[in-house]
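# Fold the stuff below for me.
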Amino acid sequence: MDVFKIDTRHGTSNTFELSRGNCFPFTGVPFGMNYFAIETNDDNWWFHPEAKHYRGFRITHQPTMWAGTKGDFCSLRILPVGNATIGLTDVAYDPEQSQFHPNQLEIFQKNDQLRTTVIPTDYGCTMNISSSHLQSGIVVSFPTDGVITDVSEDVIEGYSLQLHTHGSVPLKMYFHIRSNHAITNVEEIQPGFTQILFQEAGAVHLGIGTSFISEEYARKNVPVGEDEVLLADVTARWQEKLNKIEVSDHDPKKVQTFYQNMYRAFLYPQRLYEMDEQGNPVHRDMYADQVKPGYLYMNNGFWDTARTVYPLYSLIEVDEYQKILEGFLNSYRESGYLPKWLSPEDSGGMPGNWIDAVIADASIKGIRRDLMPEFLKGMIHSAEVQDPNRSRGRSYCQEYLENQYVPADLNESVNHTLDYSYSDYCISVVADSLNDKTTSSKYGERAFWYQNLFSKNDGFMVARDRAGKFNQNFSPTSWGGDYTEGASWQSTFAVPHDIQGLINLYGGPEKFEKTIVKLGNTTPSYTVEGYGHVIHEMAEMEVNGFGQINVGNQPSFHLPYLYTFIKKSYYAQPLLKQALTRLFNAGWQGYPGDEDNGSMSSWYIFNSLGFYPFCPGSGEYLIGMPIFDHATIHLSNGKSLNVTTESNYPQQQFIDSITVDAQAYRKCFIQHSELIQGMNFTFNLGMVPNPECFNYQEMPFSLTTN
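Numbers count the residues shown, from 1 in each chain. Next up, the predicted model:
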């Protein structure tokens, strides 16, 4: 896929009430420290693809619009103006004559006949402003807060601020803007909006460097070289990412959708390190306010990304993944806790400690084993030491240890309990890889504590008070309160490490089957007690219409694969095919819910290829339902995995048979260690289910084996 065919406006048409991605149209290098976009609004949803006015180019570090208006820390806005627009702080632009690509952003202002092109680099960009008019300039402002410290001759310098901080001091992003034309006029046209005009010229070239380290670093980070060379470099870097998986299909719309998702899978986490004069990585420790050696990354919510993003990197992006893990370890060293939600430092958002899943998955796959002893210390610290502010680590660590569940008087108690139980499993995996049998056994036993919230009377995970009494007003469709972004229907099955144990709690596979059939076939209804109003995830579940399997949100990502554990994978196959082909597209409303830092893109990528990391940390992928005629996955170790799908048409919704390297393959899962050897998968699809497709003599991983 040519990177110039990727439209960054994918998934950007959203409202507070309904998400179809909640994405931003980012241009930049993969995993870039900065991204570049245009701003059309002044609220959390500061871009809409149908807007015809814009307020400027935004240098942004926005992890999600749910971070609030202050969530885009250290941002900077630059609005090009010409003869007709001098003195304005927002102008009309023509979307039809503009280009939104990962490697280049080009905006055309018809009124001024002014065209601006941005080419991103690692720590800055070039901005070319061309017009037939003689006078041009820029309006510099700050979406958050900032200061212009110097304007002289052909240079503009300043910094923008982080308005909220979880460390000791706010970050500053220093910027240095260098023009090829002299500055002739500087004027504050409105409070906070500074207009800077250049000497008469039809074309102005700006080199922009940024840094979180110092003014000196910002100056040295100004791009050097011809624009054609810079564009060729960023284009090649994006092509390398997109080409890691090559798909072909008789339906070109599906192919376009796939590559839109590939683009989004390489945006987060963003780099928060720079290179010193010797070419070594350095970063600012936001707790000690010191510059320190090593990698650091930001803008990542592990509750979202641990399920899909890092398992994807373990196959096709191991080089960056190794640096990312080192960066996460630096976050632990500097803050005292393994991070939960980096924005830019740990904000402590969402339940659980899902970074434990990232670490366990890397450990079992042999990625950065040298870091695992220190990671294990961090995992245990989060599991045992209560943060006084109940932010970092396990928010309810103390109560969990006292009760073996999180009591109902604490917010989202059920999801915290289930996530802690899964984290305990992940700790046991890492400890076992280090031959620490005592620790592995201790946390392996705690991994069963999820069972303490299973109500046999209700048949769901139900909150309990400190005396052990289950919630007497329980309803499986009541959202919030005891649950996170869902109800008990979405949360009960959040024990990917022990589905067989969950089946046993239900009384066996027959009773479990009845429940998960209802899961898919029950009307997507809800009540709002926990939130007091309809949140967007409720609306999406209703609009998407996949029963209580809310494919548009992370707690439901693994739900289609529950049918594998009752030896009826064919229940899931049409469900997956319908979800992939009906709920995803290449347009401005491209997703069934929040995309969330690459998590939903990676979910789509895995499932469209026919396999899925059901339980990160187990080293297994469950067989799903591929949707492409052919795919070649170029693995990080240099080998390739080929997936061919025969009879790949809408009416063929079931897998009839599978071969691997021309030999019959009848397992319902595959090991990572097998997959990375490279192989040729062929899926033969059929019109009706084939119960004999898998033999189920071997079942996917579960702590409980029978």
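# What segments of the stretch 101-250 of the chain are strands?
105-109, 114-120, 124-131, 136-141, 146-152, 155-161, 172-179, 183-190, 193-198, 203-211, 245-248 (DSSP state E, counting those that start in this stretch).
# So which of the ones you listed is the most surrounded?
Ranked by mean neighbour count, those are led by strand 136-141 with a mean of 25 (mean count of other CB atoms under 10 Å). From N, CA and C alone the C-beta is placed, and that goes for glycine too.
# As CSV, the strands of the stretch 101-250 of the chain with mean pLDDT and distance to Ser75 would be great.
Output for the strands of the stretch 101-250 of the chain, formatted as CSV (pLDDT from 0 to 100; distance: least, CB to CB, whole Å):
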stretch, mean pLDDT, distance to Ser75
strand 105-109, 97, 16
strand 114-120, 97, 15
strand 124-131, 96, 14
strand 136-141, 96, 10
strand 146-152, 96, 8
strand 155-161, 97, 6
strand 172-179, 98, 8
strand 183-190, 96, 18
strand 193-198, 96, 14
strand 203-211, 96, 11
strand 245-248, 98, 32
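# Flag the shaky bits of the stretch 501-650 of the chain, pLDDT-wise.
The stretch 501-650 of the chain contains no residues with pLDDT under 70.
# Do a quick rundown of the helices in it.
Using DSSP state H, counting those that start in this stretch, the helices found in the stretch 501-650 of the chain span residues 509-521, 536-544, 572-582, 599-609.
# Check the stretch 151-300 of the chain too.
Counting by DSSP H, counting those that start in this stretch, the helices of the stretch 151-300 of the chain are 215-220, 227-242, 252-264.
# can you pull the contacts of Val643?
The contact partners of Val643, by CB atoms under 8 Å, 6 or more residues apart in numbering, come to Leu609, Gly610, Pro626, Phe628, His630, Ala631, Thr632, Ile633, Phe681, Thr682, Phe683.
# ranking those by neighbours, who comes first?
Pro626 (27 neighbours; other CB atoms under 10 Å).
# do you know how far it is from Glu646?
Distance of Pro626 to Glu646, given as CB to CB, to the nearest Å: 10 Å.
# where's Asp380, which helix or strand?
That one is not Asp; residue 380 is Ile. Using DSSP states H and E, Ile380 sits in helix 372-384.
# Of all the residues in that helix, which ones are buried?
Met372, Phe375, Leu376, Gly378, Met379, Ile380, His381, Ser382, Ala383 (16 or more other CB atoms under 10 Å).
# could I get those as CSV with pLDDT?
Putting these into CSV (pLDDT from 0 to 100) gives the following:
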residue, pLDDT
Met372, 98
Phe375, 98
Leu376, 98
Gly378, 98
Met379, 98
Ile380, 98
His381, 97
Ser382, 96
Ala383, 97
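# closest to Ser488 among those?
Of all these, Ala383 has the smallest distance to Ser488: 25.0 Å, by CB to CB.
# mind listing what that closest one touches?
Ala383 touches Asn353, Gly393, Arg394, Cys397, Tyr420, Ser423, Asp424, Ile427, Tyr443, counting by CB under 8 Å, 6+ apart.
# Please apply the same query to Asp409.
Asp465, Arg466.
# rerun that using 7 Å as the cut-off
Asp465 (CB atoms under 7 Å, 6 or more residues apart in numbering).
# can you confirm it is in a helix?
No - read with DSSP: H, G, I helix; E, B strand; the rest coil, Asp409 is coil and lies in no helix.
# sorry, back to before: looking at the strands of the stretch 101-250 of the chain, which is closest to Pro700?
strand 245-248 (23.8 Å).
# re earlier: what sits in contact with each of Pro626 and Glu646?
Phe683.
# returning to that earlier point: pipe the strands of the stretch 101-250 of the chain into JSON lines and attach distance to Leu325 per row.
Below are the strands of the stretch 101-250 of the chain laid out as JSON lines (distance: least, CB to CB, whole Å):
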{"stretch": "strand 105-109", "distance to Leu325": "31"}
{"stretch": "strand 114-120", "distance to Leu325": "25"}
{"stretch": "strand 124-131", "distance to Leu325": "27"}
{"stretch": "strand 136-141", "distance to Leu325": "38"}
{"stretch": "strand 146-152", "distance to Leu325": "33"}
{"stretch": "strand 155-161", "distance to Leu325": "29"}
{"stretch": "strand 172-179", "distance to Leu325": "25"}
{"stretch": "strand 183-190", "distance to Leu325": "45"}
{"stretch": "strand 193-198", "distance to Leu325": "42"}
{"stretch": "strand 203-211", "distance to Leu325": "24"}
{"stretch": "strand 245-248", "distance to Leu325": "22"}
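# mind checking the SS state of Leu88?
Per three-state DSSP, Leu88 ends up coil.
# What about the contacts of Val643, which are in strands?
His630, Ala631, Thr632, Ile633, Phe681, Thr682, Phe683 (DSSP state E).
# Any idea what the third one is bridged to?
When bridges are taken as DSSP bridges, the partners of Thr632 come out as Glu246, Asn642.
# Cys125 versus that one, what's the distance?
Distance from Thr632 to Cys125, by CB to CB: 33 Å.
# thinking again about what came up before, ranking by neighbours, what's the top pick from the contacts of Ala383?
Asn353 (32 neighbours).
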